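Chemist: got a sequence here, can you model it:
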Amino acid sequence: MGSLLYIIAVILIIAWAIGFIGYSAGGLIHVLLVIAIIAIIVRIIQGSR
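Modeler: Prediction:
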C-alpha cells in the first residue's frame with residue numbers, strides 16, 4: 001500500500017509540472033500538488049516506523 005501511495009504521488013507531481021508548464025488550469029493543478037505532497041509525507045512517516 002505504501003509503494004502505491006508513493007507511485008501515485010510521483011505521478012501527481014509529474015502531472016502538476018506538465019500542467020504548470022503547459023497551461024494554467026487554475027486551482028486543480030495546485031490541488032494535485034497538495035495531494036502528492038501529502039502522500040509523500042505519509043510515505044516518509046510510515047517508512048520511519
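Chemist: which residue is nearest the centroid of the chain?
Modeler: The centroid of the chain falls nearest to Ala36 when counting by CA atoms, centre = their mean (1.8 Å).
Chemist: what about Ala17, how many neighbours?
Modeler: 12 (other CB atoms under 10 Å). Backbone N, C-alpha and C define where each C-beta goes, glycine included.
Chemist: any idea how far it is from Ile11?
Modeler: Distance of Ala17 to Ile11, given as CB to CB, to the nearest Å: 11 Å.
Chemist: repeat for Leu5
Modeler: 11 Å.
Chemist: higher neighbour count, the two?
Modeler: Between Leu5 and Ile11, counted using other CB under 10 Å, Leu5 has the larger neighbour count: 16 against 13.
Chemist: OK, contacts around that one?
Modeler: Contacts for Leu5 were tallied using CB atoms under 8 Å, 6 or more residues apart in numbering; they are 39, 42-43.
Chemist: again, only this time at 10 Å
Modeler: 36, 38-40, 42-43, 46 (CB atoms under 10 Å, 6 or more residues apart in numbering).
Chemist: quick one: which of those residues is nearest to His30?
Modeler: Ala36 (10.5 Å; CB to CB).
Chemist: tell me who's in contact with that closest one.
Modeler: 5, 8-16.
Chemist: kindly recompute the last result at 8 Å.
Modeler: 8-10, 12-13, 16.
Chemist: buried among the residues you listed? Make that a PyMOL selection.
Modeler: Under the burial definition 16 or more other CB atoms under 10 Å, those of the contacts of Ala36 that qualify are selected in PyMOL by:
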select buried, resi 9+12+13+16
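Chemist: so which of the contacts of Ala36 sit within helices?
Modeler: 8-10, 12-13, 16 (DSSP state H).
Chemist: so can I have a markdown table of those residues showing distance to His30?
Modeler: Putting the ones in helices among the contacts of Ala36 into a markdown table (distance: CB to CB, whole Å) gives the following:
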| residue | distance to His30 |
| --- | --- |
| Ile8 | 17 |
| Ala9 | 15 |
| Val10 | 17 |
| Leu12 | 11 |
| Ile13 | 12 |
| Trp16 | 8 |
